[in-house]
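Trainee: 3D model of this:
(chains A and B)
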Amino acid sequence: MADLSVDLGFCRLKNPLIPASGTFGYGEEFVPFMDLDIIGALVLKGIYRNARPGNPPPRLFETPAGLLNSIGLAGPGADELQGVIRRLSATTRTPIIVNVCGQDDAEFAEVAGIFAAMPEVAMLELNISCPNIKRGGACPAQDEKHTYRLVKRVKENIAKPLIVKLSPNAADIVAVARAAQEAGADALSLVNTFLGLAVDLEKRRPVFANTLAGLSGPAIKPLALRLVWEVCRQVRIPVIGMGGITSGKDVLEYILVGASAVQIGTVNFCEPAAAVRILAELEKEMEKLRLNNLNEIKGKLAV
Amino acid sequence: MHDESGRIEETRCLGENYYLLKVFAPQIAREAKPGNFVMLRVSPTWEPLLRRPFGILQSQPPHIWLYFQVKGRGTTLLKDRQAGDRLDILGPLGNAFPELPDQKILLIAGGRGIVPLFHYAKNYAARQPLLLLYGGRGAADLKLLAELDAMPLLEKYIFSEDGSCGEKGPLTEGLEKIVREQRPQATMACGPEAMLAALAGMLRAKKLDNYASLEAVMGCGFGVCHSCAVAAADGRYRKVCADGPVFPLEEIQWPI
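Mentor: Got it, this is the predicted structure:
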């Protein structure tokens, strides 16, 4: 049997499959569908200091093989999540990653500090790329200077490994990736959703109250794969690739262009036990390609 | 909650784009309660991407029955699925209408809103007094009358807006009189938002326990994606899939 484990430098995961933030709830929702111990790690839904109601409905619009969302990071605050994490860590040994959000740099740093102090938390993912908070989709990950400043401030404050989640909506994602690396990020994850627009022809208005929304799902896979490939060629730190993954083959494609691990997102909505199926497919696919481990294919795209 | 690989046993067109689906899904059938729903993957491909929510019309293990009107892409694909086809089905999801044994309950169904109330009547009509107020635009929207006739309902009141079936007018026109004469202790409603909003207004001053089952666009159906938010009277959002779909009628912020 092939060795599925992957090395992120600061930690080893038993396999490269990580459910993405915002698509896996707080883990416990998926217990009826799978043994959480089988996945490499899991990322909790993004968290702010205080509870958030989220955006007014509609929050979702289906597109061909894709999904526009404008959820607005609805959820509990940091205090409540700590209890959830303690409960979750009692039910699974899988590393827990907290997706850290903030309205401003100070909040990012404060929330990161809170969860970095929890022994149950393996690492943090800094969500500097959610397009659904500010009107027009603005986020820190669109600007390399802001990214550098913010990552540096957060990293100075914590001892835990820090993954920085990048936006595909940056003018130059490689520059932002480099800025995060220079500021001390331990790994990068990309991509968050692509900014999109849905309109209501009869009302002549945008479908979403926030006008723009984030596109995910199989529709974005080639776009995301290209960005992951470009970033992997330009940074030294590990990259966690994501965007439209629905199969074991998709996972291998991301590893081939240089990703160390992957996140699966939208597919968790359509198929709650997707991770189980994708893992099985990954093993089969590796056997077919005669791969003993993922390092044999990682970053080996011949161009 | 099960992610079950079910099988379509029968697809029956009831006319005017209404369909009845009999699905082999033993695990879900065993647990389904009136008010629960399922999420169906209408296509084995990723197009359309999301599952679709459907109410459960009735459950007789190992089968459940679904009843739907062809409205869009999902229901169009579903109606063309054939007997013998595999059907990925997630459920039973959400909460159920409360069991109120011994109480006299008025069920209020607008069009396709009959689904969870049919299930309720099917399960409980033999043990307690149930009244049904059922309305639609016309006779075409009021299927299942023969099946409802076969249930030991205390009384049935039918309304159609065009007068083609039962009394002419929206079902809300019958409400006052039924409540006055029959004195139910509770109401359970499902139907278009405008109907539920009107009911909320009319039932506010009456001392009844009122419940409504809501419909929403859903991404996942099990509380994870936060797409199906509905504004509650307390100013906060509820998830239709996980907090509902059945809510006390007064808990929801109805449009005025």
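Trainee: any idea whether residue B:132 is helix, strand or coil?
Mentor: Following DSSP: H, G, I helix; E, B strand; the rest coil, we place residue B:132 in the strand state.
Trainee: beta partners of it?
Mentor: Beta-bridge partners for residue B:132, by DSSP bridges, are residue B:107, residue B:156.
Trainee: pretty sure it sits against residue B:107.
Mentor: Yes: assessed by C-beta atoms under 8 Å, residue B:132 is found in contact with residue B:107 at 4.8 Å. For glycine as for every other residue, the C-beta is placed from the backbone atoms N, C-alpha and C.
Trainee: so what sits against both of these two?
Mentor: B:117, B:121 (C-beta atoms under 8 Å, 6 or more residues apart in numbering or on different chains).
Trainee: need the helices for chain A, in chain order.
Mentor: In chain A, the helices defined using DSSP state H lie at A:78-91, A:105-116, A:144-157, A:173-182, A:221-234, A:248-256, A:267-270, A:274-288.
Trainee: the stretch 101-250 of chain B now?
Mentor: Per DSSP state H, counting those that start in this stretch, the stretch 101-250 of chain B carries helices over the ranges B:114-124, B:145-149, B:172-182, B:193-203.
Trainee: before we move on, the earlier item: highest average neighbour count across the helices of chain A?
Mentor: Of those, the one with the most neighbours on average (mean count of other C-beta atoms under 10 Å in any protein chain shown) is helix A:267-270, at a mean of 25.
Trainee: ok, residue A:184 to chain B distance?
Mentor: 32 Å (C-beta to the nearest C-beta, to the nearest Å).
Trainee: give the closest residue to that residue in space, chain neighbours not counted.
Mentor: Leaving aside its chain neighbours, residue A:184 sits nearest to residue A:155 (3.9 Å; criterion: C-beta to C-beta, 6 or more residues apart in numbering or on different chains).
Trainee: circling back to that earlier point, chain A: which of the helices of the stretch 101-250 of chain B is closest?
Mentor: Evaluated over the helices of the stretch 101-250 of chain B, closeness to chain A peaks at helix B:193-203, with 11.9 Å, by C-beta to the nearest C-beta.
Trainee: residue contacts, the residue sitting nearest the centre point of chain A?
Mentor: What sits nearest the mean C-alpha location of chain A, by C-alpha atoms, centre = their mean, is residue A:20, with 4.5 Å. Shown in contact with residue A:20 (C-beta under 8 Å, 6+ apart): A:43, A:242, A:263, A:264, A:265, A:268.
Trainee: neighbours around the residue of the stretch 51-200 of chain B found nearest chain A, how many?
Mentor: Nearest residue of the stretch 51-200 of chain B to chain A, counting by C-beta to the nearest C-beta: residue B:51, 6.1 Å away. Each residue near residue B:51 was counted by other C-beta atoms under 10 Å in any protein chain shown, and the total is 24.
Trainee: for stretch B:46-63, which residues meet the burial criterion?
Mentor: By 16 or more other C-beta atoms under 10 Å in any protein chain shown, the buried positions in stretch B:46-63 come out as B:46, B:48-59, B:62-63.
Trainee: how about the residues of the stretch 201-303 of chain A by chain B?
Mentor: Within the stretch 201-303 of chain A, the positions lying close to chain B (C-beta under 8 Å from any C-beta of the partner chain) are A:217, A:218, A:246, A:266, A:268, A:269, A:270, A:271, A:272, A:273.
Trainee: apply 10 Å and report the result again.
Mentor: The stretch 201-303 of chain A has residues A:216-219, A:244, A:246, A:266-274, A:276 near chain B, with proximity defined as C-beta under 10 Å from any C-beta of the partner chain.
Trainee: looking at these, spot the one nearest residue B:35.
Mentor: residue A:272 (21.0 Å; C-beta to C-beta).
Trainee: pop out the phi and psi values for that closest one.
Mentor: The phi/psi pair for residue A:272 (degrees, to the nearest 10) reads phi -60, psi -30.
Trainee: nearest spatial neighbour of it, skipping sequence neighbours?
Mentor: Excluding its sequence neighbours, the residue lying closest to residue A:272 (C-beta to C-beta, 6+ apart) is residue A:33, at 4.2 Å.
Trainee: just to revisit the earlier point, quick one: which of the buried residues of stretch B:46-63 sit in strands?
Mentor: Mapping the buried residues of stretch B:46-63 onto strands (DSSP state E) picks out B:52, B:53, B:54, B:55, B:58, B:59, B:63.
Trainee: what residues sit buried inside stretch A:133-145?
Mentor: Judged by neighbour count using 16+ other C-beta under 10 Å, the buried positions of stretch A:133-145 are A:133, A:137, A:139, A:140, A:141, A:142, A:143, A:144.
Trainee: close to chain B, is that stretch?
Mentor: No: if you take C-beta under 10 Å from any C-beta as the test, stretch A:133-145 misses chain B, and the best it gets is 14.1 Å.
Trainee: show the end-to-end separation of that stretch, please.
Mentor: Counting by C-alpha to C-alpha, to the nearest Å, you get 20 Å between the two ends of stretch A:133-145.
Trainee: which residue does the stretch 201-303 of chain A have closest to chain B?
Mentor: residue A:269 (4.2 Å).
Trainee: before we move on, what's the pLDDT of that residue?
Mentor: Here, the pLDDT recorded for residue A:269 equals 97.
Trainee: ok, now residue A:136?
Mentor: So, for residue A:136, pLDDT stands at 74.
Trainee: and the closest residue in space to it that isn't next to it in sequence, what is it in contact with?
Mentor: Nearest in space to residue A:136, with sequence neighbours left out and distances taken as C-beta to C-beta, 6+ apart, is residue A:212 at 6.5 Å. Neighbouring residues of residue A:212 by C-beta atoms under 10 Å, 6 or more residues apart in numbering or on different chains: A:68, A:70, A:131-132, A:134-138, A:169, A:195-198, A:206.
Trainee: around residue 96, how many other residues sit close by?
Mentor: Here I'm looking at chain A. Neighbour count of residue A:96, defined by other C-beta under 10 Å: 22.
Trainee: switch to chain B, please.
Mentor: Residues near residue B:96, counting by other C-beta under 10 Å, number 19.
Trainee: the closest residue in space to residue A:144 that isn't next to it in sequence and residue A:186: what is the separation?
Mentor: Distance criterion C-beta to C-beta, 6+ apart; nearest residue to residue A:144, sequence neighbours excluded, is residue A:179 at 3.9 Å. Look at residue A:179 and residue A:186: by C-beta to C-beta, to the nearest Å, they are 15 Å apart.
Trainee: quick check: domain ranges of chain B?
Mentor: B:2-93, B:105-212 (automatic domain parsing).
Trainee: got the ones you listed as a markdown table, with mean pLDDT columns?
Mentor: What follows is the domains of chain B, written out as a markdown table (pLDDT from 0 to 100):
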| stretch | mean pLDDT |
| --- | --- |
| domain B:2-93 | 96 |
| domain B:105-212 | 96 |
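Trainee: any chance of a markdown table for these, columns distance to residue B:219?
Mentor: Output for these, formatted as a markdown table (distance: least, C-beta to C-beta, whole Å):
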| stretch | distance to residue B:219 |
| --- | --- |
| domain B:2-93 | 6 |
| domain B:105-212 | 19 |
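Trainee: and of these, who's closest to residue A:284?
Mentor: Closest to residue A:284 of the domains of chain B is domain B:2-93 (C-beta to C-beta; 18.9 Å).
Trainee: coming back round to it: if the residue nearest to residue A:136 is in a bridge, with which residues?
Mentor: Assessed by DSSP bridges, residue A:212 has beta-bridge partners residue A:197.
Trainee: again, but for the one 4 residues further on
Mentor: In this structure, residue A:216 has beta-bridge partners residue A:67, where bridges are defined by DSSP bridges.
Trainee: correct me, but it touches residue A:67?
Mentor: Yes: between residue A:216 and residue A:67 there is a contact under C-beta atoms under 10 Å: 5.4 Å.
Trainee: joint contacts of the two?
Mentor: Contact with both residue A:216 and residue A:67 is made by residues A:193, A:196, A:265, A:266, A:269, B:49, according to C-beta under 10 Å, 6+ apart.
Trainee: done for today, thanks.
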